[in-house]
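> let's see this in three dimensions:
(2 chains)
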Amino acid sequence: MTVLANEQVIDGKGWRSGALVERRKLSQWFLKITDFADELLEGLGGLDQWPDKVRLMQENWIGKSQGLKCRFKFPGSSDGIDVFTTRPDTMFGASFVAIAADHPVAQKLAANAPELQAFIEDCRKGGTTAAEIDTAEKKGFNTGLTVEHPLDASWHLPVYVANFVLMDYGTGAVFGCPAHDQRDLDFARKYDLPVTRVVADGDETDSNFQGDTAYTGPGRIVNSHWMDGLTIDQAKADVIAKAEAEGWGEGQTQYRLRDWGVSRQRYWGTPIPIIHCEACGAVPVPENQLPVKLPEDVSFDIPGNPLDRHPTWSKVDCPQCHQAARRETDTLDTFVDSSWYFIRFASQPGGKPFDRTIAEQWLPVDQYIGGVEHAILHLLYARFWTRALSKIGMIDVKEPFASLFTQGMVTHQTYQDTDGNWLTPEQVKRDGDIWTIIETGEPAVAGRIEKMSKSKKNVVDPDDIVDQYGADAVRWFMLSDSPPERDLEWSESGIEGCWRFVQRLWRLTGQISGADGQDKALDRKTHQAIAGVGADIEALSFNKAVAKIYDLANAIEKAAPSASRDAAIRTIVLLSAPMVPHLAEEAWTKLGEGMIADMPWPDVDPALLVEDEVTIAVQVKGKLRDTLTVAKGLRQEEMQALALASQKVQHAIDGADIRKVIVVPDRLVNIVI
RNA sequence: GCGGAUGUGGCGGAAUGGUAGACGCUACAGACUUAAAAUCUGUUGUCCUUUUGGGCGUGCGGGUUCGAGUCCCGCCAUCCGCACCA
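Predicted coordinates:
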């Protein structure tokens, strides 16, 4: 048996095996991340060095919503159907109550109603893919039951089982207010239920709502007795207060976040340290018996969990009553391990997970880097884990990662043979638009460009190009072009150029001349490079840092021998060391300077960052007509005079009246005619 | 459907509202060479022009501004996340 996640089920079959999938109730281990939902949400506010995108994704994932939970009673009974709504202000617009197919009330009714039973079956078959949900029709089954409206016991509403109501959110039941909810409106139109307007944004206060588009915008309450004229927010508060006062409902907060299912029925994971005892129930493995180790004599030749069928591993005595008991054979989701590895990384004592004092010195992680694909799962789990450890007093750290940088994904084209088996890029070759499998000569199909993944085999092993060009050239290549936050389609075009640059750099280090003399222009370039490269590396803009090193190399090559040039050569070795460490170290030794790893980043002379001449643009009516090289800090009137003296400018003005002249110091002159 | 991002030469990509295309790749031409490789020099957005020059250009359409790749409004396309969440 294999257990699949929702996203691994396609058309009711396993995505890989194609085996039919059935739903079964399994008892599994969950971690109660929902207890931390609010904290995790609040904590996002303090993570100001995280990308907004990731914070927003987590916020949406946690999905906090506030509203009213209230009971629609069966007439003459205290029993009823509990409903959650974020729009208690629209209660007077209610026209039906809808419950999920899995709702207990529906289940109970179905026992004696084959038609309902069939409808429920139908709902379950409904797909979960985007397209299916988009096109899925709103369908309902009138149960014949009615419930009392909480605000008016004489008003009875019909109860439907509806395919669009989810059992695992809220109470599994809703009241439908068609005028102000699109799904409810679709449903009401189909089953010809009343549609009453209770929110109006202007003149339209007619209680009879027309059209097929629900109104969900702001406005004032209408057709709602004592609430008429209130704002939506006032009405919400009003209804909740009334419900609480009268005892038929209460304000409630709902989360979309669900508990974290950590059970995996497979070998490669941390054993869940629990022993099941007939008498004592689930008993934790005592601390002195931790860690529980996986057995090594296992076989993988038949499907299923090898731990389950191991002859002895699960047979243990209960730690409490010492009767024969059974070890839990589920293992933990590997996300569990990645939820605290950074704490272990910070301190690695023997015999316990981490040393609190040392870990607290290092944490939180100053700069965490990972792909966006971890925006929710890993990063939310790690935040949860850290808070949970903090709550049980094991560490005084709330947020694990102070600053987050999400690098883009590396993508590559995918290839398949005609049977749909994935092929690696090395297995195929291209001839025009035709792809063939190198080994067999059979045709191959080039597919989408996707994130590199082992399952689709569109991965490239860097070892090959490392062998060919060396680790430094490959490193330089990977840093040089694309900014790291952007997705990147892997291509080796350009690696040749990088390899050439590495050679160039090496040749430069052989050109120390011992000459005297200063080259002010080169000194300036050198110091601008020190400042620029340093700032770019700090900002993780490695591609820009690389460009500035190229610039400096070009300048050095053009310069005549001088003390300045020798200094520039030493500097460029230092600047490139983070990106081509092996070569830089070798070159530094050649220059007789010891270990580059011990060297500080070169100092910048701020005086040399300032140019004493600048090139300014001269525009006529916003169009560039000339550029002039002038002394930096030149007075505006002089800039204007020089600009007007330009022949090209005079030609462009062509005798027209000058209406206005805009002068931006050290940048441009714009003459408006 | 909701939320978010992205869109600039043949390609990867630069540009505090102020010279668009830095830097690299590719391509082409030249130097060196018996020849090739390596290296070096130059050209390389596009159109018109012999040149000098000039027109047009940052997905599309508007707007603000002396001046817009950058700001505002409205579209389009692609990608990512969530998705009948009441």
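> write out the residues of the stretch 51-200 of chain A neighbouring RNA strand B.
Within reach of RNA strand B by CB under 7 Å from any atom of the strand, the stretch 51-200 of chain A has these residues: A:52-53, A:56-57, A:60-61, A:63, A:65, A:67, A:84-87, A:100, A:126, A:128, A:130, A:133-134, A:136, A:138, A:163-167, A:169-172, A:174, A:181, A:183. (C-beta placed from N, C-alpha, C; glycine too.)
> ok, of those, which come out buried?
A:57, A:61, A:67, A:84-85, A:87, A:100, A:138, A:163-165, A:169-172, A:174, A:181, A:183 (16 or more other CB atoms under 10 Å).
> in strands, which of the residues of the stretch 51-200 of chain A next to RNA strand B appear?
Secondary structure defined by DSSP state E assigns A:65, A:67, A:84, A:85, A:174 of those to strands.
> residue A:218 in helix, strand or coil?
Judged by DSSP: H, G, I helix; E, B strand; the rest coil, the three-state class of residue A:218 is coil.
> give me the phi and psi for it.
Residue A:218 has phi and psi values of phi -80, psi 170 when expressed as degrees, to the nearest 10.
> what distance do you get for it to residue A:61?
Computed with CB to CB, to the nearest Å, the distance linking residue A:218 and residue A:61 is 27 Å.
> ok, residue A:30 next?
17 Å.
> now do residue A:288
Distance, residue A:288 to residue A:61, by CB to CB: 38 Å.
> any low-confidence regions in the stretch 351-500 of chain A?
A:432-433 (pLDDT under 70).
> how about the residues of it near RNA strand B?
Contact residues of the stretch 351-500 of chain A with respect to RNA strand B, defined by CB under 7 Å from any atom of the strand, are listed as A:372-373, A:375-376, A:450, A:480-483, A:486-488, A:491, A:493-494, A:496-498, A:500.
> inside helices: which ones of those residues?
When DSSP state H is applied, these are split such that A:480, A:496, A:497, A:498, A:500 fall in helices.
> could you pull out the strands for the stretch 101-250 of chain A?
Per DSSP state E, counting those that start in this stretch, the stretch 101-250 of chain A carries strands over the ranges A:140-149, A:152-162, A:173-176, A:199-200, A:220-221, A:249-254.
> nearest to RNA strand B, of the ones in helices among the residues of the stretch 351-500 of chain A next to RNA strand B?
When those are ranked by distance to RNA strand B (CB to the nearest atom of the strand), residue A:497 comes first, at 2.2 Å.
> and for the closest one, the neighbour number?
Here the neighbour count serves as a burial measure; for residue A:497 (other CB atoms under 10 Å) it reads 15.
> what separation do you get for it and residue A:525?
Counting by CB to CB, the separation of residue A:497 from residue A:525 is 21 Å.
> now the ones in helices among the residues of the stretch 351-500 of chain A next to RNA strand B: which count as buried?
Members of these classed as buried by 16+ other CB under 10 Å are A:480, A:498.
> now stretch A:160-168: mean pLDDT?
Stretch A:160-168 comes out with an average pLDDT of 90.
> roughly how far does residue A:75 sit from residue A:175?
For residue A:75, the distance to residue A:175 equals 16 Å [CB to CB].
> so which of these two has more stuff around it?
residue A:175 (26 against 12).
> the residue nearest to the more buried one when sequence neighbours are not counted: what's it in contact with?
The spatial neighbour of residue A:175 that comes closest, neighbours along the chain excluded (CB to CB, 6 or more residues apart in numbering), is residue A:94 at 4.6 Å. With contacts defined as CB atoms under 8 Å, 6 or more residues apart in numbering, residue A:94 is in contact with A:149, A:157, A:175, A:176, A:177.
> who wins for neighbours among these?
Within the contacts of residue A:94, most neighbours by other CB under 10 Å means residue A:176, with 28 neighbours.
> hey, what's that one bridged with?
Partner residues in beta bridges with residue A:176: residue A:96, with DSSP bridges as the criterion.
> let me know whether it touches residue A:188 as I believe.
Yes: if you go by CB atoms under 8 Å, residue A:176 and residue A:188 touch, sitting 6.5 Å apart.
> any shared contact partners between the two?
Both residue A:176 and residue A:188 are in contact with A:95, A:96, where contact means CB under 8 Å, 6+ apart.
> and the gap between residue A:447 and residue A:492?
20 Å.
> what about residue A:447, which SS state?
With three-state DSSP as the basis, residue A:447 sits in strand.
> now it: closest residue in space that isn't a chain neighbour?
When the adjacent residues along the chain are set aside, residue A:447 lies closest to residue A:414, with 4.1 Å between them (CB to CB, 6+ apart).
> so the one you found, which state does it fall into?
Three-state assignment for residue A:414 (three-state DSSP): strand.
> partners of residue A:200 in the sheet?
residue A:220.
> list the contacts for it?
Applying CB under 8 Å, 6+ apart, one finds that residue A:200 lies in contact with A:219, A:220, A:222.
> so for the first one, what's the pLDDT?
The one in question is residue A:219. pLDDT at residue A:219 comes out at 86.
> can you tell me how far it is from residue A:604?
Residue A:219 is 60 Å from residue A:604, by CB to CB.
> could you check how far the nearest residue to residue A:466 once chain neighbours are set aside is from residue A:258?
Across the structure, with CB to CB, 6+ apart as the measure, the residue nearest residue A:466 apart from its sequence neighbours is residue A:474 (5.2 Å). According to CB to CB, residue A:474 and residue A:258 sit 43 Å apart.
> check residue A:302 too.
With distances taken as CB to CB, residue A:302 is found 32 Å from residue A:258.
> for residue A:72, same thing?
Residue A:72 is 25 Å from residue A:258, by CB to CB.
> looking at the two, which is more packed in?
Between residue A:72 and residue A:258, counted using other CB under 10 Å, residue A:72 has the larger neighbour count: 22 against 13.
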